[in-house]
Structure formats: C-alpha cells, structure tokens
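# mind looking at a prediction? Sequence and model below.
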Amino acid sequence: MSLPDGLPMTVPAPGLPARVRIHEVGPRDGLQNEQAVVPVEIKAEFIRRLAATGLDTIEATSFVHPRWVPQLADAEQLMPLLGGPELAAGTRLPVLVPNDRGLERALALGVREVAVFGSATESFAKANLNRTVEESLAMFEPVVAKAAAAGLRVRGYLSMCFGDPWEGAVPVDQVVRVSRQLLDLGCDELSLGDTIGVATPGHVAALLTALGAAGVPAGRLAVHFHDTYGQALANTLAALQQGVTTVDASAGGLGGCPYAKSATGNLATEDLVWMLHGLGIETGVDLGRLTATSVWMAAHLGRPSPSRTVRALAGTPSHQES
C-alpha cells in the first residue's frame with residue numbers, strides 16, 4: 001500500500017549521489033522484445049509521454065536491419081514524428097546503430113546521439129553479432145570514429161558483464177579488458193549490462209572497483225540491470241555507492257533478453273524512481289505521470305505492467321489515463 005500522496009517517505013542515506021540521470025530504454029530495448037509490432041504512431045506518443053514525465057534521455061529506436069528486429073523496422077518513420085514541440089526542450093533521443101550502414105541511416109535523419117552494442121563474452125558476440133569480440137570491436141571502430149567526427153555523442157553498450165547463458169560467470173578482468181577497449185575506441189559513455197540478470201551487489205562493487213583501478217572513472221559508466229532474480233534495485237544501489245550516476249531503466253519494466261528465457265525484463269523505471277526519491281536523490285521525473293504512461297502503454301500491449309510500483313500506484317484514480 002502506497003502513502004496517501006503516492007510518494008515514498010524521503011530518508012537520505014550517506015555516500016550516495018545527489019542526482020541520478022535515468023537513461024530510459026523502453027521505446028527501444030523494451031519494444032524490440034514484443035511479439036507484436038507496435039504501430040509507429042503509438043511509439044511516438046509513448047516517447048512524447050515519457051518526455052512529459054521529466055525523463056531527459058529516451059532511447060528512441062534502433063537502426064538495425066529490419067530482418068533482424070522487425071519490431072523497430074519503422075525507425076525512418078518514427079524519428080520525424082519526434083521533432084515537434086511536444087517533446088521537452090533538450091530531450092535527448094539516442095538511437096542504436098549496429099554498423100556503418102545503421103549510422104548512415106541515423107545521420108540522414110539528424111540524430112545527435114548513437115550507441116553501439118558489444119559483448120564481453122565470445123559466445124554472446126557470436127550469437128548476437130556473428131563475430132568474435134575482437135571482430136565486433138573492429139566493426140565498431142569506424143562507426144564510432146565517423147560518429148565522433150560528425151559531432152555525435154557515442155554510447156557503448158557492453159552485454160554479459162556478469163554472467164553468460166553459455167559460459168557461466170564472466171571473470172571481472174575479462175569485462176574490464178573489453179570495457180577499456182570500447183572506451184578507447186572513442187565512446188563517451190559505457191553501459192554495463194547484466195543481460196541475464198544474475199548479478200549480485202558484491203559482484204557489481206567488485207567490477208566497478210576493478211574498472212576504477214583500470215582508469216575508468218564512474219562518471220563514464222552507466223549500469224543496465226535485469227530483474228531475473230529480483231536483484232536489479234539492490235545492484236543499482238551498489239553501483240550508486242560506487243559513484244555511478246547514470247542508470248538505465250525501462251518504463252513499466254518492458255523488455256528482456258531472448259537468450260535468457262526466464263528473464264523478467266529490464267529494471268522498471270517506476271521502481272527505480274520510487275527508490276531514488278525515497279533516498280532523496282533527484283531525478284526530475286514525475287512518478288505519477290510516469291505510472292500513467294506505463295498504464296497507457298500496457299493497455300496498448302494488452303497486458304498489465306510487470307512493474308511493482310506501477311501495480312501499487314495504478315489503483316489510484318489520479319494515476320489512471322485513457
């Protein structure tokens with residue numbers, strides 16, 4: 001049962017950042033895992049509603065070949081729909097680009113931020129990119145260089161940082177090595193992915209400590225947790241204690257990993273915001289509007305949101321929206 005105003009009691013804890021930037025991945029990482037294709041107009045409205053909640057970074061789509069991700073085949077149709085005044089001024093709309101062709105498509109539409117998606121393990125690199133880790137890095141190198149030359153901000157995603165469904169636990173030094181390589185290509189930021197949701201707080205702290213020792217400051221890192229074993233919020237708190245201030249999350253808990261059949265999806269943005277606001281950490285996000293947005297999207301998807309916070313707050317009339 002929530003408090004009467006639908007907000008948590010604020011009780012700050014020592015050693016945590018004053019503000020966290022939420023990197024919203026629902027429109028891309030969430031919707032790409034849906035069985036049915038969501039109409040482009042609904043996607044655009046979803047992003048507009050997310051921006052109206054105060055989220056200032058919303059990953060809009062991916063310029064991967066439509067054959068591989070048909071759910072995002074409408075990237076060229078979506079991006080022009082997001083240029084209007086409905087979006088808050090300064091809203092960042094990064095997109096995923098898998099290769100040089102994807103970057104060219106994004107540049108043609110005036111995109112200002114892109115991301116590449118690599119793997120810390122050979123098995124997932126082969127399954128996801130049909131390349132070795134080194135071959136995938138070689139593929140990313142000209143993409144990152146061209147994006148940087150065009151003045152774009154580049155994010156690097158690194159998947160399987162804690163566990164791999166084929167290889168098991170992933171050694172910390174292996175993740176550090178590939179992280180360093182991705183950043184050395186020219187990525188401005190690196191998002192560490194717990195793709196199958198097996199991380200625990202001690203493992204998170206150990207990896208972040210090792211990255212710091214390797215010259216990778218927490219300010220260049222983001223964390224991307226899945227909640228397969230219910231550890232996403234605990235892992236996020238461990239990362240905040242290590243100085244990380246950027247956290248990936250998906251509105252309503254949309255998304256998952258096709259290689260982790262029992263995965264419950266990404267950390268829900270609402271669950272993250274509830275925890276952060278309870279700790280007195282600023283996000284700039286209106287939790288009521290965000291909950292209403294996820295209820296609205298869940299109705300379009302034909303199922304309830306898996307987010308516990310959405311379920312707890314959705315019964316309050318002020319959080320319902322048609």
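That came in fine, so what should we check first?
# centre of the chain to the worst-scoring helix or strand of the chain on mean pLDDT, how far?
Within the chain, no helix or strand scores below helix 122-129, which has a mean of 92 by mean pLDDT, DSSP states H and E. The chain centroid and the centroid of helix 122-129 are separated by 20 Å under C-alpha atoms, centre = their mean, to the nearest Å.
# let me see the ranges of the strands in the stretch 151-300 of the chain.
Using DSSP state E, counting those that start in this stretch, the strands found in the stretch 151-300 of the chain span residues 153-159, 163-164, 168-169, 189-194, 221-225, 246-249.
# export those to a markdown table and tack on mean neighbour count and distance to V20?
All C-beta spots, glycine's among them, are computed from the backbone N, C-alpha and C. Listed next are the strands of the stretch 151-300 of the chain as a markdown table, based on neighbours: other C-beta atoms under 10 Å; distance: least, C-beta to C-beta, whole Å:
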| stretch | mean neighbour count | distance to V20 |
| --- | --- | --- |
| strand 153-159 | 23 | 16 |
| strand 163-164 | 21 | 25 |
| strand 168-169 | 10 | 28 |
| strand 189-194 | 24 | 14 |
| strand 221-225 | 25 | 10 |
| strand 246-249 | 25 | 6 |
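# of these, which is nearest A36?
strand 246-249 (22.8 Å; C-beta to C-beta).
# report how many residues lie close to the residue nearest to T57 when sequence neighbours are not counted.
If the residues on either side of it in the chain are set aside, T57 comes closest to R92, at 4.4 Å by C-beta to C-beta, 6 or more residues apart in numbering. Residues lying near R92 (other C-beta atoms under 10 Å) number 17.
# of the strands of the stretch 151-300 of the chain, which is nearest A314?
With respect to A314, and counting by C-beta to C-beta, the nearest of those is strand 246-249 at 17.7 Å.
# which residues touch the closest one?
Residues outside strand 246-249 that contact it (C-beta atoms under 8 Å, 6 or more residues apart in numbering) are 20-25, 29, 189, 191, 221-225, 236, 239-240, 266-269, 271-272.
# can we see that at 7 Å?
Residues from elsewhere that reach strand 246-249 (C-beta atoms under 7 Å, 6 or more residues apart in numbering): 20-25, 191, 222-224, 236, 266-269, 272.
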